[in-house]
Every structure is written in structure tokens, then in C-alpha cells.
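Visitor: what's the 3D shape of this:
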Amino acid sequence: MEKKGDHVEHRMFIGQLARQTGVPIKTIRYYESFRLFPEAPRTASGYRLYGQEAAEILAFIRKAQNLGLALSQIRDILDLSRRGRCPCGHVERLLKERLKELEEKMRDWRHLRQRILQAIRKPVEPSQRVGGIALCPRIADLRAPRGKQVKKGGLRP
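Guide: Model prediction:
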């Protein structure tokens with residue numbers, strides 16, 4: 001235990017921090033290497049010791065990730081905070097950008113849904129052959145989309 005101000009702060013090993021927060025040890029180490037929180041002080045035998053602040057930061061990271069923020073963006077927010085600056089304006093800008101990206105993706109997914117429905121609804125003779133090879137006309141006869149196209153994992157420009 002360590003005195004901090006007028007109270008005693010409880011220190012915990014990485015396994016205890018992992019159990020308390022539900023964040024795997026490997027992830028905690030990764031976050032530490034990514035500089036999301038300061039490197040933990042170590043015992044004489046080299047074990048990391050974390051305070052309650054580390055648990056609070058891990059909770060913040062999870063909540064920020066659930067809003068779609070990247071670890072680099074989260075690190076920037078935490079850096080502003082550590083320098084004594086309120087990061088709320090920066091967070092608002094990031095969230096507005098994220099919302100715009102999300103709305104664009106939603107629009108793209110709606111267009112993709114329409115193209116899929118169009119392909120499903122197209123009446124097709126199963127024995128129809130296209131260009132000497134058997135290609136499904138549900139796809140082969142569709143108009144090529146303009147602009148964005150779908151790649152594995154979703155829409156890409």
C-alpha cells in the first residue's frame with residue numbers, strides 16, 4: 001500500500017487488475033506498451049503494481065472503444081487529460097467524426113441491401129449459361145455499382 005495525500009492507495013498486481021476489470025492480462029500489457037497509461041511501477045522482484053487509477057483508465061478505454069474510437073484516439077484523449085487539459089472538446093470532435101463515418105457506412109449498407117434484394121428477386125432459369133461458362137445470372141446480369149464496391153469485410157471506397 002502506498003500513501004497518496006491523506007489516504008492509503010491499494011496497489012494490485014496485474015492479475016488482480018485483470019480480474020477486477022475483466023480485461024485480459026495480455027491486453028493490459030498491450031495497452032501499457034501502446035502508452036495508454038503510464039508504465040506501472042514494479043516491485044523489487046519486477047512485478048507490476050497498479051493503483052485504482054489504472055482500473056479507471058481501463059474502464060474508460062473500454063467505453064471509448066464501444067463508441068468506435070481507435071486506440072490512438074483514446075491515447076490522445078488520455079494524453080490531454082494527463083497534461084491537465086479537459087479533453088471534452090476534442091472528444092466531441094472525434095465523436096462527431098465517428099458519427100459521420102457511421103452514417104456513411106449505414107447509407108452504404110442500405111445500398112448494398114438493395115442490390116442484394118434485387119439479385120434475390122431476379123427471376124432466373126437455373127440452366128442459363130453466360131459466355132460459355134455457368135455463371136449465376138443473379139450476379140452476372142446485375143448492373144455494376146458506381147462508386148464504392150464491396151470487398152471482404154464490408155464496403156470500401
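
Visitor: Give me the pLDDT for residue 151.
Guide: On pLDDT, residue 151 comes in at 59.

Visitor: Now do the closest residue to residue 145 other than its chain neighbours against residue 101, distance only.
Guide: Nearest residue to residue 145 in three dimensions, chain neighbours excluded: residue 115, at 6.5 Å (Cβ to Cβ, 6 or more residues apart in numbering). C-beta coordinates here come from the backbone N, C-alpha and C atoms, glycine included. Separation of residue 115 from residue 101 (Cβ to Cβ, to the nearest Å): 21 Å.

Visitor: Compare those two (neighbour count), which wins?
Guide: Counted by other Cβ atoms under 10 Å, residue 115 and residue 101 do not tie: residue 115 has more neighbours, with 14 against 11.

Visitor: May I ask which helix or strand encompasses the more buried one?
Guide: Using DSSP states H and E, residue 115 sits in helix 88-121.

Visitor: mean confidence for that helix?
Guide: On average, helix 88-121 scores 94.

Visitor: ditto for stretch 34-49
Guide: Mean predicted lDDT for stretch 34-49 stands at 89.

Visitor: rewinding a little: counting by contacts, list what the helix holding residue 115 packs against.
Guide: Packing partners of helix 88-121 (3 or more Cβ pairs under 8 Å, 6 or more residues apart in numbering; DSSP states H and E): helix 71-82, helix 137-140, strand 154-156.

Visitor: Recalculate using a threshold of 10 Å.
Guide: When contacts are defined as 3 or more Cβ pairs under 10 Å, 6 or more residues apart in numbering; DSSP states H and E, helix 88-121 packs onto helix 52-66, helix 71-82, helix 137-140, strand 149-151, strand 154-156.

Visitor: pull the CA atoms of the third one into PDB?
Guide: Presented in PDB, the C-alpha positions along helix 137-140 are these (Å, rounded to 0.1, in the frame of the first residue of the first chain):
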ATOM      1  CA  PRO A 137     -27.200 -14.500 -63.800                       C
ATOM      2  CA  ARG A 138     -28.300 -13.200 -60.400                       C
ATOM      3  CA  ILE A 139     -24.900 -11.700 -60.200                       C
ATOM      4  CA  ALA A 140     -23.600 -11.700 -63.800                       C
END
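
Visitor: That helix: which residues count as buried?
Guide: For helix 137-140, a neighbour-count test (16 or more other Cβ atoms under 10 Å) marks residue 137 as buried.

Visitor: Please apply the same query to the longest one.
Guide: Going by neighbour count (16+ other Cβ under 10 Å), the buried part of helix 52-66 is 54-55, 57-58, 60-61, 64.
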